[in-house]
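1. After the sequence you'll find the predicted model.
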Amino acid sequence: MYRLLRSPLQGVTYTRWLHLLVPLLIVAVWLFIAPHMPWVPALVVAPFGLLPWVRMAEGVQAQFLLTPHERGRHDGAISTVASARWGDRWRTLLWLEIRLGLAALAWLATVGLLVMSVELVQTAAGSVPESLKTLPVTPPRWAAALLVPVPLLLLMVIVVLLGEAVTAIARRLLGPSTAERLSALEVRTEQLLERTRIARELHDSIGHALTVAVMQAGAARASGNAEFTERALCAIEETGRAALEDLERVLGVLRETGPRPSQRPTLAEADRLLESARASGAAVDAELSGPLEQLPGPVTREGYRILQEALTNVLRHCGPVPVRVRIEMAVGLLELEVTNPLPEGPAFGSGSGSGLRGMRERAALLGGKAETGPYEGSWRVRARLPLERIP
């Protein structure tokens, strides 16, 4: 009841009314040509429902006028794509016929009730129309004046009910098919995966750069040595420049104008990370074996990010401590291991940080596994990435 009372104040009530009356333009043209055959438009529009683009046109119009709040949404209840299957075409044909029928009802109700209201106004003014003179009882002037709003209120009720009905039918007949819903779900999933990947890229690259810069700045301030300060500033500059390059890659993906993902940093550039960690004061003992430049693209790119995040965590939570890095290409497998002294306190204990979770997600996407946690009195990050299943 409350919705019915609120409907006259909502714009969608009148856009739905307009949608109901639009088909009458075709009917009006035909009645001007052949008024004795009003049923012909229903036959003429039927073949158009089998044309793929008609469903798209009807869907756009229905979404614009019937469900404007869903306009532009990927999960809207009314589809705006062309028919891809015969089932969609038959549903469009049925929709066109039902729409013509509802348009006729809306027209009869609109014209009939508006004429009735006008006649009551004339009666109240003292000029009784001929149509009311044929009634057994002609209402007196005061009664006609009181009855003037009744046809208008009844018309509003009919408009609201027909609008609800045509919207429900449109959602049923013009709604996305199962194949379209699956396609939309796949697109949405791809978008979410891409957003997650970009978030990981930003977390790993920018987080590493900021951690190194903070460590270098703190060490330079505490040292009081001009030569060390100079080296620290050079390291901050180099790290910042590398972070800007990574940021530009990620923004390029968002703009869809940047380089391909294959141009992201790889394990062949691992020395850059190791030198950055050494410049921050960490004693890095690195052991790299095997032709890392021959690694498959996905493995070498994700391996670089795992190494970057592992070194970032060491510098962020432990400071300039000894770090052992081992990267080895075994038969069909890449093993990456970063070990450092276990810090005091719960910094590493929970294993629930976004960086640790990101490392595990990267490894899992490649069919591998990343383990993080205490190991023989130290903290260890160990990733094992398979090579055979990667194209």
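-> Arrived safely. Numbering: from 1, shown residues only.

2. Residue 337 is in what secondary structure piece?
-> strand 333-341 (DSSP states H and E).

3. Sketch out the strands for the chain, chain order is fine.
-> 284-289, 323-330, 333-341, 369-375, 378-386 (DSSP state E).

4. May I see the buried residues of the fourth one?
-> Using 16 or more other C-beta atoms under 10 Å as the burial criterion, the residues of strand 369-375 that qualify are 370, 372. (Each C-beta comes from the backbone N, C-alpha and C, glycine too.)

5. That strand versus strand 333-341: what angle between them?
-> 20 degrees (axes from the mean of the first three to the mean of the last three C-alpha atoms, to 10 degrees).

6. now do the second one
-> Using the same axes, to 10 degrees, one finds that strand 323-330 and strand 333-341 are set 170 degrees apart in direction.

7. Quickly run through the sheet partners of strand 323-330, with directions.
-> With DSSP bridges as the test, strand 323-330 is paired with strand 284-289 (parallel), strand 333-341 (antiparallel).

8. as a whole number, average confidence for the last one?
-> When you say that, I think you mean strand 333-341. The pLDDT scores in strand 333-341 average 92.

9. List the buried residues for that strand?
-> Using 16+ other C-beta under 10 Å as the test for burial, strand 333-341 gives 334, 335, 336, 337, 338, 339, 340.

10. now the first one
-> Of the residues in strand 284-289, those buried by neighbour count under the rule 16+ other C-beta under 10 Å are 284, 286, 288.

11. So the nearest residue in space to the last one that is not next to it in sequence versus residue 55, what's the distance?
-> In space, and not counting its chain neighbours, residue 288 is closest to residue 327: 4.8 Å by C-beta to C-beta, 6 or more residues apart in numbering. Applying C-beta to C-beta, to the nearest Å, one obtains 56 Å for the distance of residue 327 from residue 55.

12. Looking at those two, which one has more neighbours?
-> The neighbour comparison of residue 327 against residue 55 (other C-beta atoms under 10 Å) goes to residue 55, with 26 against 21.

13. Next up, the contacts around the more buried one.
-> 49, 79, 81, 82, 83, 88, 89, 91, 92, 174 (C-beta atoms under 8 Å, 6 or more residues apart in numbering).

14. if we can go back for a sec, give me every residue that touches the residue nearest to residue 288.
-> 267, 270, 286-290, 292, 303, 307, 334-337.

15. Which member of these is positioned nearest residue 247?
-> residue 307 (18.9 Å; C-beta to C-beta).

16. What is the neighbour count of that closest one?
-> Neighbour tally, residue 307, other C-beta under 10 Å: 26.
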